[in-house]
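S.K.: Fold the following for me, if possible:
(2 chains)
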Amino acid sequence: MEQREFVTKAKKIFVEYNTYIIFVLLFIICSVLSDQFFTEMNIRNILLQRAAPVCAAIGMLFVILTGGIDLSVGSVMAFAASLSAICVTSHGWHFIPALAAGVVSGAVFGTLTGVLVAYANMQGFVASLAVMTIARGAAFMITNGTPIKLARGTLNILVDRAYFFPIVIISVILIIIFILIQNYTSYGRLVIAIGSNSMAVELAGIRVKRYVLSVYMLSGALSALGGVFIAARASTGSATIGSGQELEAIAACVIGGASLAGGRGIVFRTVIGVMVLALIGNIMNLMAIPSYPQDVIKGIIIILAVLMQLFTGKSEKNV
Amino acid sequence: MSAEYRLEMKDIKKSFGAVRALDGVSLQVRPGEVHALVGENGAGKSTLMKILSGAYRKDAGEIYLDGHRVEFSTPKDAKDLGISVIYQEFMLAPDLTVAENVFIDKLSAGGILIQWSKLRENTAAQLQKLGFGDINPNAKVSSLTVAYQQVVEICKCLARETRVLVLDEPTAVLTFAEIKKLFDVIRKLKSDGVSVIYISHRLEEIFELSDRITVLKDGGYVDTVLTSETDKAKLVTMMVGRDMKQMFPERRAKIGEAVLEVDGLTSGSMVRGVSFKLHAGEVLGFYGLVGAGRTETMSAIFGSAAKDGGSVKFFGREINFKHPAEAVSSGLGMLPEDRKKMGLLLSKSLRVNTMLASLPKVTSRFGVINHSYEKKIVKEVLDSINTKYPSVDHDASSLSGGNQQKVALAKWISADCKCVVFDEPTRGVDVGAKTEIYKIINSLAENGVAIIMISSEMPEIIGMCDRAIVMRQGSIAGTAVEKGYLDENTLIKLAMGVS
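M.R.: Got it, this is the predicted structure:
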């Protein structure tokens, strides 16, 4: 009897914290597999690398919470990165207004998607697919297809050790802000409410369309910020960056337990979802696995992680 | 030797965790009998039927079919034995045709290719048999009315051999005329020897249709009686152990100034020139057949549907709400008829649900919610209307139907509305919870709230309303005035256009 109680309790804990458990297990596995894993340099690398995906994933989560999806993330990253690089290189802007310009451009693309979804009743998938193509094309247009090399002392200040790696600090601040937004503001609550039953929310006197528009705008702005981070790290603004980032962001949300049907998902868990993907990529690099098999393995691990979510989610009802 | 009973369920027990859902329930159904199963929500009707259909496994007890003991563990086992259940939500594929749906599990009938002409013929014959030869077997199910969809569902059950047919609240979505047709079908099935188990909250139907009635209460078996030897009052007492007179509690509300003045309202094809006045503290009933335009009228006022013409005054001020948000901020609330689709966020907490229309009340600048203050308000509101809930952080789906409806109501109480439209406030709610909802409506009226109650249940209109407006085909067919003088005959005649 006592043993059974223990099993139910353990099950409950596992259901509640499965994302974290997956992360901790992976962390231990990584530490065992490679002695280069748990070193200051490697951890720092992971954090710098994941600043951008974290931003994109948070934006994506808010879209997914409403029951939508944003496929334009990667292209918006490329456009914003290119635009900021041009502002700095060709127009001699300070890097801060350049970064702001990039973010604003992302918000504009997001607003376009949002208007199409909220007011033209387009599906998020279709609207953001169109905007994805537009943003990528526009990025190639403004750069003429050539990567723009950034001079020292401009955007790369964002990854400078002397300033305590600003992109990491910014992402941590963003994570905290969005955790607070989700848990303590009416905005955060209504976004989730809309995803669970938008008609009931509308009939309670909430202007649902405005919220739907806003999440796409948010996703655009946050992805753009991520795009500028990538440019800063590479010291290059290019129209080719960010490809596949939308899928990484979706995968992170799902590993974090978000439901693509909307109404379910947690900011911190999504961040852990990003880190799970980070660990998988990192350990395979450390073990020098070539990149094509890496993708295959990564896909398989995503499937396993999500199956684990579904499996534990199901048993949740029986607990 | 043929057994006396087609179906016998003996001493069925079922528990979910610590909750005992069925505690030794028995049910005996004769061949060719319409057997009504009644009881409040939570009495165990659905659980018993789910065991019969193989959706749940029983913990103890025996089931006999035509005298033979049967055991089944999946819905397919039950189907193979000739037990069919039609739930409130139909199990039809809306984009397939009638014929495809009817023969969905044996489209190719053993062969490799589908013989379309044969499929259509068989379906047409089956429909003809039920007296619905006018349904085209090639029509898409989604193009049919709800009533016809139900006929298709019944047809689907009959396409395989059915010995016991369970109908769970079949009339909840039907109009008066459609109900009559459904009853004809049921009687036909009965004369063919099919045993029908009929679950309904509407006692009138049970008395019209059934041969015997089994009453359940709190998971236990109360009694089985001959329909001809009992009456409504006795039945209700058996179900709830209380008197029917207590069903509609007294109200001492003072009727005040005009709150809502509607003049010549038109909207779409369903609302064609509706005029009425509603006063503070008044409960105004809206009766009519399904599709008479009652909900559409209210939607046009509330801003959830477009208003085409006419004028609406709210507290003497001309208004034209373009979005529910404008209505809510002016103090007008509307409880939609479909609780699950439009009234509640089932997967969200009671806290979220209760505060949905009044978040600004607990929100500071920058949109930050004051959680402890919110919790206090939610508790106050839910307790004030006698809601039974584990905690304010539990999901709405964890409550029973009646308590869910109270939460949907709580949303408008917490929003301090001055005028509330209740669209079928007691649909799918058991007798006990109905009375509680009436009490809530009364106490709102006593506090000066102006109330519109749309209802298709006549006793409710008669028992609750100060005045009743009857709508027919988008316009007002008549107003029956004065509480105590409202009667069933006047209402139904007005609703159906019989003079």
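S.K.: can you list contacts of the one helix or strand A:Cys253 maps to?
M.R.: In the assignment (DSSP states H and E), A:Cys253 maps to helix A:245-255. The list of residues contacting helix A:245-255 from outside it, by C-beta atoms under 8 Å, 6 or more residues apart in numbering or on different chains, reads A:19, A:22, A:52-53, A:56-57, A:59-61, A:64, A:69-74, A:77, A:132, A:223, A:226, A:260, A:265, A:270-274, A:276-277, A:302, A:305-306, A:309. In short, each C-beta sits where N, CA and C put it, glycine included.
S.K.: What distance do you get for whatever residue of the stretch 151-300 of chain A ends up closest to chain B to B:Gly303?
M.R.: The minimum distance from the stretch 151-300 of chain A to chain B, using C-beta to the nearest C-beta, falls at A:Gly205 (2.9 Å). According to C-beta to C-beta, to the nearest Å, A:Gly205 stands 9 Å off from B:Gly303.
S.K.: what do those two both touch?
M.R.: B:His323, B:Pro324, B:Ala325, B:Glu326, B:Ala327.
S.K.: Let me see the backbone angles for the residue nearest to the second one when sequence neighbours are not counted.
M.R.: Nearest residue to B:Pro324 in three dimensions, chain neighbours excluded: A:Gly205, at 4.6 Å (C-beta to C-beta, 6 or more residues apart in numbering or on different chains). Backbone torsions of A:Gly205, given as degrees, to the nearest 10, read phi 90, psi 30.
S.K.: Could you count how many residues lie near A:Gly205?
M.R.: The local packing of A:Gly205 (other C-beta atoms under 10 Å in any protein chain shown) involves 27 other residues.
S.K.: neighbours of residue 57, just the number please.
M.R.: Unless you meant another one, I'm taking chain A. If you count neighbours by other C-beta under 10 Å, A:Ala57 ends up with 32.
S.K.: The chain in question should be chain B.
M.R.: Around B:Arg57 there are 12 residues (other C-beta under 10 Å).
S.K.: Can you tell me the SS state at it?
M.R.: The local conformation at B:Arg57, judged by DSSP: H, G, I helix; E, B strand; the rest coil, is coil.
S.K.: tell me the contacts of the residue of the stretch 251-400 of chain B found nearest chain A?
M.R.: Nearest to chain A in the stretch 251-400 of chain B, going by C-beta to the nearest C-beta, is B:Val328, at a distance of 2.9 Å. Applying C-beta under 8 Å, 6+ apart, one finds that B:Val328 lies in contact with A:Ala204, A:Gly205, B:Ala357, B:Ala415, B:Cys417.
S.K.: wait, what's in contact with the third one?
M.R.: For B:Ala357, the set of contacting residues under the criterion of C-beta under 8 Å, 6+ apart consists of A:Ala204, A:Gly205, A:Ile206, B:Val328, B:Gly333, B:Lys411, B:Trp412, B:Ser414, B:Ala415.
S.K.: ok, now the first one?
M.R.: By C-beta under 8 Å, 6+ apart, the contact list for A:Ala204 reads B:Pro324, B:Val328, B:Leu356, B:Ala357, B:Lys411.
S.K.: which phi and psi does it have?
M.R.: Dihedral angles of A:Ala204 (phi, psi; degrees, to the nearest 10) stand at phi -90, psi 10.
S.K.: C-alpha coordinates for stretch B:286-303, PDB please?
M.R.: Output in PDB follows, covering the C-alpha atoms of stretch B:286-303 (Å, rounded to 0.1, in the frame of the first residue of the first chain):
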ATOM      1  CA  PHE B 286     -38.600  35.200 -24.000                       C
ATOM      2  CA  TYR B 287     -40.400  32.100 -25.200                       C
ATOM      3  CA  GLY B 288     -40.600  30.600 -28.700                       C
ATOM      4  CA  LEU B 289     -39.600  27.600 -30.700                       C
ATOM      5  CA  VAL B 290     -36.000  27.000 -31.600                       C
ATOM      6  CA  GLY B 291     -35.100  29.300 -34.400                       C
ATOM      7  CA  ALA B 292     -37.700  31.900 -33.500                       C
ATOM      8  CA  GLY B 293     -35.000  34.600 -33.400                       C
ATOM      9  CA  ARG B 294     -34.700  35.000 -29.600                       C
ATOM     10  CA  THR B 295     -31.000  34.500 -29.300                       C
ATOM     11  CA  GLU B 296     -30.400  36.500 -32.400                       C
ATOM     12  CA  THR B 297     -32.400  39.500 -31.000                       C
ATOM     13  CA  MET B 298     -30.300  39.500 -27.900                       C
ATOM     14  CA  SER B 299     -27.000  39.100 -29.900                       C
ATOM     15  CA  ALA B 300     -27.900  42.200 -31.900                       C
ATOM     16  CA  ILE B 301     -28.400  44.200 -28.700                       C
ATOM     17  CA  PHE B 302     -25.300  42.800 -27.100                       C
ATOM     18  CA  GLY B 303     -23.100  43.600 -30.000                       C
END
